[in-house]
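In: I would like to see how this sequence folds:
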Amino acid sequence: MMCKRVFSLFLLALSLLAGNAAFAQQEELPGAKQAKEGFNATEVIFGHIADSHEWHLFDLNGKPVAMPLPVIIYKPGAGLEMFSSAHFEEWEKMEDGKTKRSGSYNGYHLEKNMKEKLIADDGSKIYDISITKNILSMLISVVLLLWLMMSVAKKYQTKGSLTAPSGMQNAMESVIIFMRDEVAKPNLGHKYKKYMPLILTVFFFIWINNMLGLLPGGANFTGNIAVTLCLSVVAFIVMIVNANKHFWSHLLNPPGVPLGIKFLLVPIEIISLFIKPVALTIRLFANMLAGHIVILSVISMIFIFGFLSKVAGIGFVPVSLVFAIFMFFLELLVAAIQAFIFANLTAVFIGQAIEDIHHHHENGQEYNVTNEEIVA
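Out: Next up, the predicted model:
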């Protein structure tokens with residue numbers, strides 16, 4: 001039975017990687033002459049992981065099949081405009097040889113290099129609030145998260161909390177108890193219940209989006225630094241708003257430190273306060289982006305060698321697929337680990353801000369002891 005499960009999992013990974021290879025190979029925009037120019041791995045990789053105003057699905061008879069998304073523009077003085085991204089056609093390379101430009105529609109066009117930008121033909125200032133591939137992927141993950149949590153909550157309402165959980169409820173309860181006992185309680189103390197909804201939401205939101213990004217044609221949502229920055233800002237705001245006097249007094253007026261040293265120490269402490277969300281942002285972004293790039297790079301080697309020689313391309317297929325399968329399973333692990341690390345560090349930073357001070361007496365002397373020191 002175990003062998004059958006391992007074999008089925010192997011076939012699933014192989015099919016997903018094959019799908020990723022096909023999507024990566026066909027990520028080229030319409031109008032590009034790939035056969036004449038050779039395989040451009042950089043363009044394919046960054047085209048796959050970058051955000052876009054359409055969701056490319058597959059190619060049929062050499063023509064791309066993509067799901068157009070709503071383009072929503074706010075132009076000062078003109079108001080909102082909305083139309084389908086299907087109107088952007090006839091891509092062509094610009095003078096720099098790297099940037100591609102779409103045909104104009106309604107006074108706007110798209111330019112794509114490492115990332116895709118919506119630009120007004122006359123160069124005027126516009127605000128792009130379109131439903132892009134990453135935003136749609138986020139909305140899908142939100143729907144999945146709500147469905148997951150509400151279905152589990154419904155089971156508790158109908159069967160009660162004393163009935164043994166089953167199925168998805170059992171799996172979710174195990175994860176929630178783990179996050180409560182290993183993340184929330186050790187870092188947040190007796191106030192952990194107040195912050196459990198935030199910790200669980202952050203964990204499951206990141207985990208679901210990490211997993212969706214591994215599907216063929218999936219959006220690299222958590223590999224976008226703007227996304228991880230927003231998540232880090234939420235954690236930072238919660239930390240600052242709930243910080244107590246003990247936290248601020250130690251930050252701005254460290255006790256037991258000479259006055260001259262305080263002028264050096266306080267700026268360092270303030271800088272370290274803002275480094276925390278930066279560290280959260282870069283850690284999640286870099287790890288998820290690197291995983292996608294490595295997998296796509298390994299798969300791209302097949303097509304790179306294939307353009308040089310069909311024999312070399314076919315010969316490199318087993319090597320590339322074996323290594324890609326290994327990286328895929330590693331990314332499945334990384335997807336959960338990165339969600340856990342982000343949620344855990346969020347709890348750590350909030351716990352440091354809300355930490356209470358306790359007074360202990362020993363031999364007639366009073367000592368100020370924190371929660372962490374008591375636990376230690």
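
In: Which strands or helices does the helix or strand containing Leu110 pack on?
Out: Using DSSP states H and E, Leu110 falls within strand 108-112. Packing contacts for strand 108-112, counted by 3 or more CB pairs under 8 Å, 6 or more residues apart in numbering; DSSP states H and E, involve strand 100-101, strand 116-120. Bear in mind the C-beta positions are built from the backbone N, C-alpha and C, glycine included.

In: Can you lay out these as a markdown table showing mean neighbour count?
Out: Shown next, in a markdown table, are these (neighbours: other CB atoms under 10 Å):
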| stretch | mean neighbour count |
| --- | --- |
| strand 100-101 | 18 |
| strand 116-120 | 17 |
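
In: Of those strands, which is nearest Lys75?
Out: The closest of the helices and strands packed on strand 108-112 to Lys75 is strand 116-120. By CB to CB, the value is 7.3 Å.

In: Would you map the strands across this structure?
Out: 54-60, 63-68, 70-75, 79-84, 92-93, 100-101, 108-112, 116-120, 127-128, 357-362, 365-370 (DSSP state E).

In: Make TSV out of the ones you listed and add mean pLDDT and distance to Pro277.
Out: Listed next are the strands of the chain as TSV, based on pLDDT from 0 to 100; distance: least, CB to CB, whole Å:
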stretch	mean pLDDT	distance to Pro277
strand 54-60	77	30
strand 63-68	80	34
strand 70-75	92	28
strand 79-84	90	32
strand 92-93	84	39
strand 100-101	86	34
strand 108-112	89	30
strand 116-120	89	26
strand 127-128	92	25
strand 357-362	50	25
strand 365-370	44	23
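
In: Looking at those, which is nearest to Gln169?
Out: With respect to Gln169, and counting by CB to CB, the nearest of those is strand 54-60 at 32.4 Å.

In: what pairs with the closest one, and is each one parallel or antiparallel?
Out: strand 63-68 (antiparallel) (DSSP bridges).

In: in the partner strand, what counts as buried?
Out: Buried residues in strand 63-68, counted by 16 or more other CB atoms under 10 Å: Ala66.

In: got the angle between that strand and strand 79-84?
Out: Strand 63-68 runs at 140 degrees relative to strand 79-84, counting by axes from the mean of the first three to the mean of the last three CA atoms, to 10 degrees.

In: what's the distance between strand 63-68 and the middle of its chain?
Out: In terms of CA atoms, centre = their mean, to the nearest Å, the centre of strand 63-68 is found 24 Å from the chain centre.

In: swap in stretch 155-166?
Out: The answer for stretch 155-166 is 33 Å, by CA atoms, centre = their mean.

In: start to end distance for it?
Out: 9 Å (CA to CA, to the nearest Å).

In: what does it rub up against?
Out: Gln169, Glu173 (CB atoms under 8 Å, 6 or more residues apart in numbering).

In: Could you give the average pLDDT over it?
Out: Averaging pLDDT along stretch 155-166 gives 78.

In: what comes up buried for the strand holding Leu110?
Out: Buried-residue list, strand 108-112, by 16+ other CB under 10 Å: Tyr108, His109, Leu110, Lys112.

In: Show me which of these is closest to Phe58.
Out: Distance ranking of the buried residues of strand 108-112 against Phe58, using CB to CB, places Lys112 first at 19.3 Å.

In: Please name the nearest non-neighbouring residue to the closest one.
Out: Distances taken as CB to CB, 6 or more residues apart in numbering put Lys100 closest to Lys112, at 4.8 Å, once the chain neighbours are dropped.

In: so that neighbour bridges to which residues?
Out: Lys93, Lys112.

In: follow-up on the earlier one: turn the strands of the chain into JSON lines, including distance to Gly213.
Out: Listed next are these as JSON lines, based on distance: least, CB to CB, whole Å:
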{"stretch": "strand 54-60", "distance to Gly213": "13"}
{"stretch": "strand 63-68", "distance to Gly213": "17"}
{"stretch": "strand 70-75", "distance to Gly213": "22"}
{"stretch": "strand 79-84", "distance to Gly213": "25"}
{"stretch": "strand 92-93", "distance to Gly213": "29"}
{"stretch": "strand 100-101", "distance to Gly213": "24"}
{"stretch": "strand 108-112", "distance to Gly213": "20"}
{"stretch": "strand 116-120", "distance to Gly213": "18"}
{"stretch": "strand 127-128", "distance to Gly213": "22"}
{"stretch": "strand 357-362", "distance to Gly213": "43"}
{"stretch": "strand 365-370", "distance to Gly213": "39"}
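
In: sorry, back to before: if I take the strand holding Leu110 and strand 70-75, what angle do their directions form?
Out: 110 degrees.

In: so where do the helices sit in the stretch 251-376 of the chain?
Out: 259-308, 310-354, 371-375 (DSSP state H, counting those that start in this stretch).

In: Where do the domain boundaries of this structure fall?
Out: Structural domains annotated on the chain: 70-130, 134-361, as defined by automatic domain parsing.

In: from those domains, which stretch is densest packed?
Out: The highest mean neighbour count among the domains of the chain, using mean count of other CB atoms under 10 Å, belongs to domain 134-361: a mean of 16.

In: Any idea how far that domain is from the middle of the chain?
Out: Worked out by CA atoms, centre = their mean, domain 134-361 lies 8 Å from the chain centre.

In: my guess is Ala312 contacts Phe305, does it?
Out: Yes - the criterion here is CB atoms under 8 Å, and Ala312 meets it with Phe305 at 4.1 Å.
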